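**Q** Here's my sequence, what's the structure:
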Amino acid sequence: MNATAHPAAGALHPAIREENLVRVYVWQWPLRIAHWVIFLSILVLAFTGYYMYDPFIISRGNSLFLMATMHFVHEVTAFVFIGALLLRFYWFFQGNRWAHWRSFLPMERWWRHGLRRQLRYYLFLRRDPESEVGHNPLAAATYCLIYALMVVEIITGLALLDFVGGLGHGALAFFFGWIFSIVSVTYVREIHFLIMFAFLAFLIHHVYSAVLIGIEERSGLVGGIFTGYKFFPAAFVAADPTRHPHEKLIPVVAAGRSQRKGRGEKDAVTHPATAPPEPPTPTRPGG
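**A** Next comes the predicted model:
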């Protein structure tokens, strides 16, 4: 098949219409652990938080005991959530190229172009999604917003914990007690409560878009968050604009055209006539 054909000419996404797929270790284990702990924590926090707002379970015994149990589970899970988010923030600096903070900010032209292309895809103005080895720019921008909301949720939650406990002193009051001098406790509760629905809406969209893009790319996107691996043509990975300058290009053998052409990236493909023997599948344990 001619790799330069229009996407409508083939049944496969352009990123996988080429041969010579390589397995790439994209999501390292600390990131995957943080991802799943945050996901499960949000579910528990949403359930217990909504119960504290509107008790929807009728207790046959002591209803106050049930409410106290919900409070306890909510608070313990909140600190687990904080720990997982701190791990993710730490991995912004210690992770591989696809987990690094540089991949989440519009510092380069390809990032802004990719954001527009992905928006066009969701608006049905473009046939194929904007593929990246890591997060596409629109997903990265969305994650930045979600992480910011998580920080706000943590700050308001710890402030409310100090308020409900009636402490008014100690570390919580020192770091978060000032909030009530700016915003009343009623609005702090409302902000904390409404962000919960934003998280639930994001979870629904996140699962939907992951399955959708995974079907379009056939890159193992959904399975990658379990195993850490995704599958792409070698040329696609070699032309990844998030590659750090000191990193070597992944060897490529007749992998066809690179999806990065048109972004100022050179095609990293070698011609079949002069191609060296096909390299083994790269497995870089540390990313």
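**Q** Quick check: closest non-adjacent residue to residue 82.
**A** Among residues not flanking residue 82 along the chain, residue 154 sits closest, at 5.8 Å (CB to CB, 6 or more residues apart in numbering). All C-beta atoms are positioned from the backbone trio N, CA, C, and that covers glycine.
**Q** Report the separation between that neighbour and residue 195.
**A** Counting by CB to CB, to the nearest Å, the gap from residue 154 to residue 195 is 10 Å.
**Q** Can you give me the neighbour number for the residue nearest to residue 82?
**A** The local packing count at residue 154 equals 18, with neighbours defined by other CB atoms under 10 Å.
**Q** what's the answer for residue 215, then?
**A** Burial of residue 215, expressed as a neighbour count using other CB under 10 Å, amounts to 11.
**Q** Let me know the secondary structure of it.
**A** Three-state assignment for residue 215 (DSSP: H, G, I helix; E, B strand; the rest coil): helix.
**Q** Tell me which residues touch it, please.
**A** With contact taken as CB atoms under 8 Å, 6 or more residues apart in numbering, residue 215 is in contact with no other residue.
**Q** just to revisit the earlier point, what helix or strand is the residue nearest to residue 82 on?
**A** Assignment of secondary structure by DSSP states H and E places residue 154 within helix 137-165.
**Q** ok and the helix or strand hosting residue 72 relative to helix 137-165, angle-wise?
**A** Element membership for residue 72, per DSSP H and E: helix 63-94. Using axes from the mean of the first three to the mean of the last three CA atoms, to 10 degrees, one finds that helix 63-94 and helix 137-165 are set 140 degrees apart in direction.
**Q** Which other helices and strands does helix 63-94 contact?
**A** In terms of contacts (3 or more CB pairs under 8 Å, 6 or more residues apart in numbering; DSSP states H and E), helix 63-94 is packed against helix 29-53, helix 137-165.
**Q** can you tell me which of the ones you listed the model trusts least?
**A** Of all the helices and strands packed on helix 63-94, the segment with the smallest mean pLDDT is helix 137-165, scoring a mean of 91.
**Q** Can you mark which positions in the helix or strand following that one are buried?
**A** Next along the chain after helix 137-165, taking DSSP H and E as the criterion, comes helix 170-176. The neighbour-count check on helix 170-176 (16 or more other CB atoms under 10 Å) flags 172-173, 176 as buried.
**Q** Out of these, which is nearest to residue 221?
**A** Of all those, residue 176 has the smallest distance to residue 221: 38.0 Å, by CB to CB.
**Q** Give me the pLDDT value at that closest one.
**A** pLDDT for residue 176: 82.
**Q** how much space is there between it and residue 153?
**A** With CB to CB as the criterion, residue 176 and residue 153 are 12 Å apart.
**Q** hmm, back to that, thought the residue nearest to residue 82 was touching residue 85?
**A** Yes - counting by CB atoms under 8 Å, residue 154 touches residue 85, with 7.3 Å between them.
**Q** Overlap in contacts, these two.
**A** Between them, residue 154 and residue 85 share no neighbouring residue, with contact defined by CB under 8 Å, 6+ apart.
**Q** From residue 42, how far off is residue 171?
**A** Distance, residue 171 to residue 42, using CB to CB: 25 Å.
**Q** likewise residue 180?
**A** 25 Å.
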